[in-house]
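[1] Could you work out the structure for the sequence below:
(4 chains)
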Number of protein chains: 4
Amino acid sequence: MNKITIGVIGAGRIGKLHTGNIVKHLPQFYIKTIADPQIDEAWATSKGIPNITRDVNAIFQDEQIQAVVICSPSPQHAPQIIEAARAGKHIFCEKPISTDIDLIKTALQEVKKTGVKLQIGFNRRFDPNFAKIKTMLQENNIGTPHLLRITSRDPKIPPTEFLKTSGGMFIDMTIHDFDMARFLMNSEIDEIYASANVLINPVFQECDDIDTAVINLKFANGTLGVIDNSRQAVYGYDQRVEVFGSHGAVHADNNKPTNTTLSTNDGIISEKPLYYFLERYEESFVAELAAFYHCMANNTEPAVTGEDGLRSVIVSMAAEQSRRENRPVKIDYEKWSN
Amino acid sequence: MNKITIGVIGAGRIGKLHTGNIVKHLPQFYIKTIADPQIDEAWATSKGIPNITRDVNAIFQDEQIQAVVICSPSPQHAPQIIEAARAGKHIFCEKPISTDIDLIKTALQEVKKTGVKLQIGFNRRFDPNFAKIKTMLQENNIGTPHLLRITSRDPKIPPTEFLKTSGGMFIDMTIHDFDMARFLMNSEIDEIYASANVLINPVFQECDDIDTAVINLKFANGTLGVIDNSRQAVYGYDQRVEVFGSHGAVHADNNKPTNTTLSTNDGIISEKPLYYFLERYEESFVAELAAFYHCMANNTEPAVTGEDGLRSVIVSMAAEQSRRENRPVKIDYEKWSN
Amino acid sequence: MNKITIGVIGAGRIGKLHTGNIVKHLPQFYIKTIADPQIDEAWATSKGIPNITRDVNAIFQDEQIQAVVICSPSPQHAPQIIEAARAGKHIFCEKPISTDIDLIKTALQEVKKTGVKLQIGFNRRFDPNFAKIKTMLQENNIGTPHLLRITSRDPKIPPTEFLKTSGGMFIDMTIHDFDMARFLMNSEIDEIYASANVLINPVFQECDDIDTAVINLKFANGTLGVIDNSRQAVYGYDQRVEVFGSHGAVHADNNKPTNTTLSTNDGIISEKPLYYFLERYEESFVAELAAFYHCMANNTEPAVTGEDGLRSVIVSMAAEQSRRENRPVKIDYEKWSN
Amino acid sequence: MNKITIGVIGAGRIGKLHTGNIVKHLPQFYIKTIADPQIDEAWATSKGIPNITRDVNAIFQDEQIQAVVICSPSPQHAPQIIEAARAGKHIFCEKPISTDIDLIKTALQEVKKTGVKLQIGFNRRFDPNFAKIKTMLQENNIGTPHLLRITSRDPKIPPTEFLKTSGGMFIDMTIHDFDMARFLMNSEIDEIYASANVLINPVFQECDDIDTAVINLKFANGTLGVIDNSRQAVYGYDQRVEVFGSHGAVHADNNKPTNTTLSTNDGIISEKPLYYFLERYEESFVAELAAFYHCMANNTEPAVTGEDGLRSVIVSMAAEQSRRENRPVKIDYEKWSN
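    Presented below is the predicted three-dimensional model:
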């Protein structure tokens, strides 16, 4: 196995997560440089990274660096994709690519032109539960899908500071569910209807955002779907999927810390779901980077393409429009624009 | 306990079911007369009913009969409610009251004027699982409800002959789910959006009907809800409910014939859900009639009122309108008319 | 279906249970007479039984009575079997037949001589869970059985008065598990080793009894088994069975009042098992009498024979001997005597 | 955190496992040397170990090496413990220490004399499920324990070559369950009765071994226990524990690859347990070495002591004696000798 030399752009929560995973679990990568305007040098040094810099150009201009892992704030994703592509580097980029559709399209054109690989960070596709669901669907275990149900509820509301710039629940949180829907159904979301409300905390209203939603999906192949979201499930991170079809149904239930139960006079008590995305999706973060390596090493199509990244953003915007205008919104991916 | 003398109107599948339950489990009722134009006399005789007749007037004109159980075809429900009320008899009536809103309103006015009790046959409210959910909500086990999810899937499609006159899936099948939603949420459905399709069998298209649906609900108190329906779940009758709230969630899972599992090299296999509504809701059919007796004996409000019956029909119609016009439909129960 | 006219002997808790079931669920029986020295006449009248008497001979001497259901105190079982057999009446008898092996053998000889049917009240064989396990074994779902595990724990300790005369936990409570073991394994218990202790309440010591036990079984066919017992499971009646074999395993888990769960910050809480044998084994009590009718109507072997009744008592005695002498006890059913 | 320099003795399956875990997950250790008479040099080199040798003395004689991880064949464990202790090195040793009780005692005396730490490789104590059970017991969640049930079944029989020298199922396989029993109950096994048979494969008979067992335990504190074992569960590695007490019960169920289910006309199918000990106990192997580091770094008592290692061997021998003599065997740990 030939090591691929990479640069990590952005060392916030997710940048640290990917870096830690690469150092610990992914010897197929060599992190030569990490760049962040507010780099935590002590941490980066502890990870054994040779070049620690505040200047991202140190990555783009380094000819030894073959690929970049973009973990910067979302508004920088698209410009950095463009720069990386022009520098001939393969790209792993966190979601969302951008909230500016035209800019995403420009970035994807650049990627296409330069022929570099681009994989978007929809890690949940690599979660063992959901990957197993996908496999069962591919093996035709349930016949033709008729209904998709995704339950996706966070354990606690994000900090207010974050909410102010998050772009809203659909683009920040539900985007993962939209990608999951597209991934499992193997069909595009043709029309969307989102109903939503502020039921948990008035702070969401202040941010012109919502905290609870039920989102109706119609797929191009006729399948129906529904996503329900909450920003706060007090019993923990609730991440379930169900696909119902002509010959059966598949379910993915929550993962728990242990398979123990306590039986007392109060009832039979089992553990709550794993608390947050870091624990719940731990394996998937490693697996998505392994897949990124694989597509570069074998010159195959990335498991999550730039087009996937674009479409999930468009769906998120359509959802936002639907809930604001309270009407189903038909999605024309080609024509959708800012 | 004083026995209440009743007449049963209609001896088809549901009439036979109620009659059998009364004879076996409900000694508080005395069935004096059963009337049906095509009465199965041998069966009625075996149940020990003294008067077996083809003429429903034998019931309305019998002063000893204190209450009627209406199990006739749906179009006769409302006229028979009116006749029974005028004859001063309490009424248990199967759902739906009618598909003619104005006629329902006329019938309910007659009931109000005469002061007889009217209970509608939404038996699922009395199912042990759903009744337990209701109790947990009343005891504030999950705080304020935010989301309601109902999964309601039949095990097999009805006969084509039936489909032609069923009035459509929403009024025939989903009406139970609409009533369950109103019952559990303790709030009216304020707006509805129904997406639906024919995915199981083209016969539904021929009947201008649908076989698969996802229905979005907005309640007056701001809660969101969703119902998913299928006319054919090959693994059996799928009847689940989930209510999610500020302090937790409650779920009702399917009932199975036994709690056994088989572990083999093929996996860990448990039983399918109870196959059909007769087995699944067996206890609820008895319990709803016991509640009917109770409201008469104690002069209390029926557990399922005529207004409940009216509103579930209106919701069904709004759902039908929504899916045909592909838009959310706001429901004004006072003004809704044919 | 020809009704069989019966007499019920004994109207204590179990006599009332069987009578109630017959009146409500088993029209194939006609209870002509019920006899008990302390008969509760109001109750018997409410059940519509024509002859209510304190004298059991009114049953034995009545030529119209074709069969008896013996629910008297255990010491009277064997003598009443003998009398009933001599009077030519078929017999359903509660367990245990007797604690006097020679007397049981005498009674069984009388039954054999007269050719009447004798069924013993091991109702758990008719429980849907355990009957399903039996069916799966018969259908060879797990290959050759290697291990049997029975967990049988009562929800609360019996009254002290009862304990003084119960004969000990093995003959009173574990006897059901011994019968279940023989029933499922289709092989005789060849050797037994019982370890036991008083861990719940010193009252058991005062009664020269035990409250907790682990009992090792070796079957004639080489299969191994284990039963664990407790007189007090605070979370409710714990009744589970597992059979492990060359090609898989079958499990029967506990039954619960509903299939609901509550998810909160404290965990995911499901209901406790059904509390006591009356609810837990409700269906089995009806089914065992239906089977009794069937063996009489069709002149077939009873589902639970007198020999089954004898052997379960012998096993109970061997268990008692084993725990007192702290050694494995080999069982020779032919030679076992008082 | 100060790194501790270690030498690994033995590079067979378990030696490779520990080495891999240390390199990947345990940066608190520095493996300076690995020794094995048949060392796989390519593998060792790939792990980045500086000294790769066939001579174990290279470890004992290296003053920089502070601790050893003994993964050699069992007969070498005790002699190597003695040598390591004399060389002043802390010791992590795989189970069993030896099958020669006197030799174990000699080794433990040497450890005591030299004051080095000795931890035995009973990894299951560190399994998240069983560790959680232990915590719940310590937090008094179920009151006083009355009954312990351990189910421990391997997925497939070992190679015949291995069986010939394994020392028998109790010392090879059940020893883990004996340690688990002592660990959870916090009380010594005072008496044991083992019943066993050859039901899977005659090869066990040829090796004077058994493949199926039920083992009765009496603890010093009066608690009762039972272990059931099989060498071959076709549905996968079955590793469950249940502790029943005065105020409730705790269960640890099997772990599965995913929490998905498939519902079809054949039933509701969930995944089989994780297949083998490498996957099932993956986390525990890392955690036991982290605990070993902790006891050295903080000069605390090892989590699994040499005395624990000795006692589990004595219990295994008592089990073997019990099944051969078919009688309960009382265990005097002080006097037990070869």
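[2] Check which helices and strands the helix or strand hosting A:Ile175 sits against.
    Using DSSP states H and E, A:Ile175 maps to helix A:175-185. Other elements packing on helix A:175-185 under the criterion 3 or more Cβ pairs under 8 Å, 6 or more residues apart in numbering or on different chains; DSSP states H and E are helix A:128-138, strand A:145-153, strand A:189-197, strand A:212-219, strand A:224-230, strand A:238-245, helix A:306-325. Every residue, glycine included, has its C-beta placed from N, CA and C.
[3] please redo it, this time with the cut-off set to 6 Å
    On a contact count with 3 or more Cβ pairs under 6 Å, 6 or more residues apart in numbering or on different chains; DSSP states H and E, helix A:175-185 meets strand A:145-153, helix A:306-325.
[4] Just list whatever residues bridge to A:Arg240.
    In this entry, A:Arg240 is beta-bridged to A:Thr151, by DSSP bridges.
[5] what number of residues lie near A:Ile189?
    24 (other Cβ atoms under 10 Å in any protein chain shown).
[6] you'd agree it is up against A:Leu217?
    Yes - counting by Cβ atoms under 6 Å, A:Leu217 is a contact partner of A:Ile189 at 5.2 Å.
[7] Can you pull the poorly scored residue ranges out of the stretch 1-150 of chain A?
    Scanning the stretch 1-150 of chain A for pLDDT under 70 picks out the ranges A:1.
[8] For it, which segments count as strands?
    Assigned by DSSP state E, counting those that start in this stretch, the strands in the stretch 1-150 of chain A fall at A:4-9, A:29-35, A:51-53, A:67-70, A:90-93, A:118-120, A:145-153.
[9] Kindly provide the distance from A:Lys16 to chain D.
    A:Lys16 is 17 Å from chain D, where distance means Cβ to the nearest Cβ, to the nearest Å.
[10] ditto for A:Phe162
    When A:Phe162 is compared with chain D (using Cβ to the nearest Cβ), they lie 30 Å apart.
[11] go on, A:Glu188?
    25 Å.
[12] what's around that residue, how many residues?
    A:Glu188 has 15 nearby residues by other Cβ under 10 Å.
[13] okay, now the residue lying closest to it once chain neighbours are set aside: neighbour count?
    Leaving out its chain neighbours, the residue that sits closest to A:Glu188 by Cβ to Cβ, 6 or more residues apart in numbering or on different chains is A:Ala220, at 4.7 Å. By other Cβ under 10 Å, the residues close to A:Ala220 number 13.
[14] Stretch A:246-262 and chain C, any residue contact?
    No - counting by Cβ under 6 Å from any Cβ of the partner chain, chain C has no neighbours in stretch A:246-262; the shortest distance is 7.9 Å.
[15] Give me the domain ranges for chain A.
    Here the domain parsing of chain A from automatic domain parsing is A:4-116, A:125-280+A:312-337.
[16] partner residues bridging A:Ile120?
    A:Cys93.
[17] distance of it from D:Thr99?
    Separation of A:Ile120 from D:Thr99 (Cβ to Cβ, to the nearest Å): 58 Å.
[18] Neighbour count: those two, which is higher?
    Just comparing A:Ile120 and D:Thr99: by other Cβ under 10 Å the higher neighbour count belongs to A:Ile120, 29 against 18.
[19] Looks like that one contacts A:Gly309 (just checking).
    Yes - the criterion here is Cβ under 6 Å, and A:Ile120 meets it with A:Gly309 at 3.6 Å.
[20] hang on, the earlier thing: out of the helices and strands packed on helix A:175-185, the one nearest D:Gln321 is which?
    With respect to D:Gln321, and counting by Cβ to Cβ, the nearest of the helices and strands packed on helix A:175-185 is strand A:145-153 at 55.8 Å.
[21] And the closest one, what's buried?
    By 16 or more other Cβ atoms under 10 Å in any protein chain shown, the buried positions in strand A:145-153 come out as A:145-153.
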